[in-house]
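Participant: I would like the atomic coordinates for the input below:
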Amino acid sequence: MKFRPLHDRVVVRRTEQETKSAGGIIIPDTAAEKPQQGEVIAVGPGGRDESGKLIAIDLKKGDKVLFGKWSGTEVKIDGQELLIMKESDVMGVLER
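Facilitator: This is a model prediction of the structure:
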């Protein structure tokens, strides 16, 4: 199934978090917090301003992003857990 977000929304797949602490302690899934980093896998065309002009989204597919703890709506598509959120919920792009 293919999913295309509308307007200024993006689809993000959370990155896997380390299961070991810095001291080597294994953290069980029930105690681990959900990561606040992810990869953009789909981007909508953008929002519209008051005059109806399209405002393109700054994000692109493949960007590594940082988002808020409670951002987005969790959905399951083709067995993958994904987040759909507005571009404004993304705090920034992680670059190497």
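Participant: which regions of the chain sit below the pLDDT cut-off?
Facilitator: For the chain, the stretches with pLDDT under 70 are 1, 17-35.
Participant: Now the residue sitting nearest the centre point of it: closest residue in space that isn't a chain neighbour?
Facilitator: Nearest residue to the geometric centre of the chain (Cα atoms, centre = their mean): Val12, 2.9 Å. Nearest residue to Val12, sequence neighbours excluded (Cβ to Cβ, 6 or more residues apart in numbering): Gly38, at 4.0 Å. All C-beta spots, glycine's among them, are computed from the backbone N, C-alpha and C.
Participant: cool, and Leu6?
Facilitator: Excluding its sequence neighbours, the residue lying closest to Leu6 (Cβ to Cβ, 6+ apart) is Gly44, at 5.3 Å.
Participant: In this structure that neighbour contacts Ile57, no?
Facilitator: Yes: at 6.6 Å, Gly44 counts as touching Ile57 under the criterion of Cβ atoms under 8 Å.
Participant: Please name the residues that touch the residue nearest to Leu6.
Facilitator: Residues near Gly44 by Cβ atoms under 8 Å, 6 or more residues apart in numbering: Arg4, Pro5, Leu6, His7, Asp8, Arg9, Val10, Ile57.
Participant: cool, Gly46 as well?
Facilitator: Shown in contact with Gly46 (Cβ under 8 Å, 6+ apart): His7, Asp8, Leu54, Ile55, Ala56, Ile57.
Participant: Which members of the residues you listed are the farthest-apart pair?
Facilitator: Based on Cβ to Cβ, the longest span within the contacts of Gly46 runs between His7 and Ala56 and measures 11.7 Å.
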